[in-house]
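Provided below are the primary sequence and the corresponding predicted coordinates.
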Amino acid sequence: MGCDHIARYLDTRFRPNEFPADFAALIHRKTEGHPLFATGTVQLLVERGDIARSGDCWVLSRPLSQMDLQVPATVRSMIAKQLEVLKEGDRRALEYASVEGEEFNGTVLAGLLGADELDLEERLHDLDCTHRLIRSLGEEELPDGSLTTRYRFAHALYQNLLYGGLLSKRRALLHRQAGEILARCYTGQTSRIAAALATHFERGRDFSRAIHYLTEAAQVAAGRYANAAAGQLYTGALSLVEKLPAEQQGGVRALLYYKRGLAMVAASQYADSISDFHRALTEARAIGDSLLECRSLIALCEPLFQGHQMVEFGEWAQVALEAAVRIQNQELRSEALAQLARGNQATGQLTAARDLYDQSIDIARASEYRKGLSMQLTYRGILHFFESEYTTAESVLAQGAQLGSELRDGVNLPQCLCFLGLTRGNLGQISSALAALHEALEISGRNGAQMVASKVPNCLGWLHRELHDFTTMLQYDRDGLEASRRSGIHEAEANALINLVQDYTILGDFEKARALIGEVDAVHKRSEWHAWRFFDIRFQAVMAEHCLATGEPARATEHALRLLANATRQSTPKYIAVAHKILTEIALARGDDATAEREIANAILRIETRPMPLVAWRCHALAGRLRSRIGDLEGARRAFLEGAKVLESIVSTIADERLRSVFLDALAVREVLSGAAGATRWGSVG
């Protein structure tokens with residue numbers, strides 16, 4: 001019976017009813033749709049009072065989560081009678097097979113029985129054809145090169161009953177033997193079946209090997225960016241530590257806490273990871289493991305940093321550096337230096353951050369420390385991005401992404417891809433930027449990395465705004481705000497709010513924009529994380545544009561000058577150019593052509609020093625507009641021609657035809673192309 005058949009059976013027998021929507025699915029899952037087992041289970045629920053009348057309607061008297069769908073006695077009796085007719089050897093074969101689960105293979109079963117595998121296969125063939133208790137799933141080649149046949153019990157209830165009939169000591173012995181046989185068959189490839197091996201050795205009471213394979217299974221899960229699952233596997237391993245000899249427990253427990261903490265960081269469970277790293281630190285110090293102590297100190301910095309606990313972060317990063325120097329470990333010294341650099345970067349001390357990053361990268365390269373280098377390249381590339389060094393940032397971040405991908409680095413890879421997408425966007429490489437951002441979103445979503453998952457929608461919103469795709473822009477920025485508030489990531493919340501202020505200003509909905517401005521201020525007061533970047537620079541740029549759009553040139557000038565001062569202090573040429581561009585627009589609005597000429601010249605000077613196409617074409621467009629206004633038609637044509645060249649380079653990177661069309665149809669873009677008419681061949685890209 002399929003799930004739909006069971007649902008119709010329930011509706012027919014119990015009419016009318018108010019059963020939960022997933023009641024039929026639960027029965028189907030527990031009975032595998034076997035008609036006799038399904039109807040028997042339903043009858044058991046009636047007799048037990050779990051299905052009862054309430055007035056004129058049938059209801060469940062307890063929640064599904066509390067419902068015990070045990071096998072009805074009549075069904076158990078029927079299965080027992082089927083098994084009673086088997087020969088003793090056949091029954092023993094099925095009992096031993098039940099140790100592997102609902103599916104089993106002939107090689108393991110032959111080893112458990114001490115039987116010839118070919119003779120055993122002939123007996124199993126008879127059990128399949130004559131008794132219908134099992135069925136063959138076909139041949140399979142094992143990693144050691146041997147062939148085996150896989151089988152499946154005709155129903156899980158057969159396996160359950162046979163397994164329950166084994167004596168506990170026999171069951172433990174068989175599990176241990178099954179684990180040993182499988183480990184031999186999968187020599188060198190045990191990661192493929194690590195979870196199954198862990199189960200066998202745990203039930204076989206070989207707890208040391210059970211912990212080993214649970215750890216291996218967790219590493220496999222982490223490699224697939226399933227860090228929440230990895231954390232659960234480490235939790236399972238930790239529950240077994242107390243069953244080890246006393247002298248082994250401290251070291252194993254310390255390492256498991258450390259590894260679970262790493263998985264929790266990747267899954268953005270920062271409070272849990274901080275707790276785990278403190279436990280690892282305590283255990284490592286107790287057993288005198290100075291290397292693990294230092295690793296735990298460095299690992300502790302990550303959740304403190306991501307959780308914006310900057311005072312504690314700085315203190316522990318310094319302790320970690322001192323520990324690395326004390327044990328003379330260059331790899332860990334490079335990591336500790338990089339952590340200190342991140343703290344300086346977050347608080348706007350970019351010169352100090354730059355020096356520390358360069359030291360850490362030099363040490364990591366010299367010692368060939370790839371894991372540390374993955375993080376160091378990521379954050380050094382981010383600093384290049386902040387400083388508008390987009391070409392260098394793209395090279396460094398591409399290296400970081402390649403290394404992070406090779407290492408399956410669930411913490412740094414999504415972050416690296418996020419900023420690689422932003423960098424490529426600023427370089428006008430639209431499709432490759434979108435690809436990197438979507439990959440970052442996919443990995444962070446699968447990995448539970450809330451920090452990056454909250455950031456990326458804002459990045460996508462920015463890029464679609466640059467392409468004049470305003471509907472998509474607004475949706476991504478709204479998604480970013482919702483994600484950031486759901487996860488409590490203040491950095492992403494501030495960015496989303498700033499984006500939305502800009503969105504609504506562009507769309508002319510000034511009332512919504514003004515309402516969100518107050519929320520930006522509130523987030524800034526609540527958390528000054530990266531205030532130099534978000535509040536001092538991005539927010540000032542957006543506020544200048546907003547005030548200009550609402551006819552408040554004095555306030556617009558105030559914000560633009562504040563932006564210029566902050567961007568100059570932090571050496572961010574992109575926003576210096578943006579500040580001069582806005583000041584040009586303010587001067588044009590006031591009819592002050594002389595100031596406008598001076599400001600646009602300053603803006604163009606900045607865009608000539610470093611490539612920033614998304615800013616450059618707008619500056620050239622503004623220069624063309626200014627030259628047209630003062631009657632310099634040849635100068636206007638030259639400015640529009642420069643803008644058209646930049647636009648051509650951008651458009652050539654947009655693979656999506658809809659986005660390409662939307663961008664080319666934008667009024668500002670058409671103004672540039674019209675102004676440069678006759679000087680370029682836009683038919684080839686339009």
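Looks like it came in fine.

CA atoms of the helix or strand containing residue 46 as PDB?
Remark: residue 46 resides in helix 35-48, with elements defined by DSSP states H and E. Extracted C-alpha coordinates of helix 35-48, given in PDB (Å, rounded to 0.1, in the frame of the first residue of the first chain):
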ATOM      1  CA  PRO A  35      -1.300  -4.200   3.800                       C
ATOM      2  CA  LEU A  36      -1.500  -6.800   6.700                       C
ATOM      3  CA  PHE A  37       1.000  -4.800   8.800                       C
ATOM      4  CA  ALA A  38      -0.700  -1.500   8.100                       C
ATOM      5  CA  THR A  39      -4.200  -2.700   8.900                       C
ATOM      6  CA  GLY A  40      -2.900  -4.600  12.000                       C
ATOM      7  CA  THR A  41      -1.200  -1.400  13.300                       C
ATOM      8  CA  VAL A  42      -4.400   0.600  12.800                       C
ATOM      9  CA  GLN A  43      -6.400  -2.000  14.700                       C
ATOM     10  CA  LEU A  44      -3.800  -1.900  17.500                       C
ATOM     11  CA  LEU A  45      -4.300   1.900  17.700                       C
ATOM     12  CA  VAL A  46      -8.000   1.500  18.000                       C
ATOM     13  CA  GLU A  47      -7.800  -1.200  20.700                       C
ATOM     14  CA  ARG A  48      -5.300   0.900  22.600                       C
END
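
What's the first helix or strand after that helix?
strand 51-54.

quick one: buried residues of the following helix or strand past that following strand?
Moving toward the C-terminus from strand 51-54, the next helix or strand (DSSP H and E) is strand 57-60. The neighbour-count check on strand 57-60 (16 or more other Cβ atoms under 10 Å) flags 58, 60 as buried. The C-beta positions use only the backbone N, C-alpha and C, and glycine is treated the same way.

what about strand 57-60, average pLDDT?
When pLDDT is averaged along strand 57-60, the result is 89.

For that strand, which outside residues touch it?
Here strand 57-60 makes contact (Cβ atoms under 8 Å, 6 or more residues apart in numbering) with 14-20, 23, 50-53, 67.

Could I get the contacting residues of residue 235?
In this structure, residue 235 makes contact with residue 260, judged by Cβ under 8 Å, 6+ apart.

show me where the stretch 51-200 of the chain has strands.
51-54, 57-60, 103-105, 134-141, 147-153 (DSSP state E, counting those that start in this stretch).

and if you look at the stretch 251-400 of the chain?
Using DSSP E, counting those that start in this stretch, strands in the stretch 251-400 of the chain do not occur.

what about it, any weak spots by pLDDT?
Along the stretch 251-400 of the chain, the model assigns pLDDT under 70 to no residue.

cool, the chain as well?
1, 31-37, 40, 68-76, 527-530, 678-686.

Which residue ranges make up each domain of it?
Structural domains annotated on the chain: 3-66, 73-166, as defined by automatic domain parsing.

longest helix in the chain, by residue count?
For the chain, the longest helix by residue count, based on DSSP state H, is helix 246-266.

sorry, back to before: ok, and the most crowded of the contacts of strand 57-60?
Neighbour counts for these peak at residue 51, which has 22 neighbours (criterion: other Cβ atoms under 10 Å).

which non-adjacent residue is nearest it?
Nearest non-adjacent residue to residue 51, counting by Cβ to Cβ, 6 or more residues apart in numbering: residue 45, 4.6 Å away.

tell me the contacts of the most centrally placed residue in the chain?
In the chain, the centroid-proximal residue (Cα atoms, centre = their mean) is residue 444; its distance is 1.5 Å. Residues counted as contacts of residue 444 (Cβ under 8 Å, 6+ apart) are 414, 450-453, 456.

That one is in what secondary structure piece?
When elements are assigned from DSSP H and E, residue 444 belongs to helix 430-447.

Just the angle for that helix relative to helix 246-266, thanks.
Relative orientation of helix 430-447 versus helix 246-266 (axes from the mean of the first three to the mean of the last three Cα atoms, to 10 degrees): 140 degrees.

ok now whichever helix or strand comes after helix 430-447, how far from the chain's centre?
In the C-terminal direction, the helix or strand that comes right after helix 430-447 (DSSP H and E) is helix 450-466. Centroid separation for helix 450-466 versus its chain: 14 Å, with Cα atoms, centre = their mean, to the nearest Å.

need the contact list for residue 372.
Contact partners of residue 372, counting by Cβ under 8 Å, 6+ apart, are 331-332, 334-335, 338, 360, 364.

how does it look with 7 Å?
By Cβ atoms under 7 Å, 6 or more residues apart in numbering, the contact list for residue 372 reads 331, 334-335, 338, 364.

Check residue 207 too.
Contacts of residue 207 by Cβ under 7 Å, 6+ apart are 240, 243-244.

can we see that at 10 Å?
201, 237, 239-245, 248, 252 (Cβ atoms under 10 Å, 6 or more residues apart in numbering).

swap in residue 513?
Counting by Cβ under 10 Å, 6+ apart, residue 513 makes contact with 500-507, 542-543, 546, 549-550.

So what angle separates the directions of the helix holding residue 444 and helix 450-466?
Using the same axes, to 10 degrees: helix 430-447 against helix 450-466 is 160 degrees.

From residue 95, how far out is the nearest residue to residue 615 once chain neighbours are set aside?
Closest residue to residue 615 apart from its sequence neighbours, by Cβ to Cβ, 6+ apart: residue 577 at 5.4 Å. Using Cβ to Cβ, to the nearest Å, residue 577 is found at 77 Å from residue 95.

which of the two has more neighbours?
residue 577 (27 against 21).

Following element in sequence after whichever strand or helix holds that one, please.
Residue 577 is located in helix 573-590, with elements delineated by DSSP H and E. Sequence order places helix 593-609 as the next helix or strand after helix 573-590, per DSSP H and E.

mind checking how far that following helix is from the chain centre?
Using Cα atoms, centre = their mean, the offset of helix 593-609 from its chain centre is 42 Å.

same check, this time on stretch 98-107
Distance of stretch 98-107 from the chain centroid (Cα atoms, centre = their mean) equals 35 Å.

quick one: terminal-to-terminal distance for that stretch?
Length of stretch 98-107, first residue to last, Cα to Cα, to the nearest Å: 14 Å.

So for that stretch, what gets flagged as buried?
98-102, 104-107.

Repeat that for stretch 171-188.
171-183, 185-186.

In helices only, show me those residues.
Among these, the residues falling in helices (DSSP H) are 171-183, 185.

rewinding a little: quick one, which of the domains of the chain is packed in tightest?
Ranked by mean neighbour count, those are led by domain 73-166 with a mean of 17 (mean count of other Cβ atoms under 10 Å).
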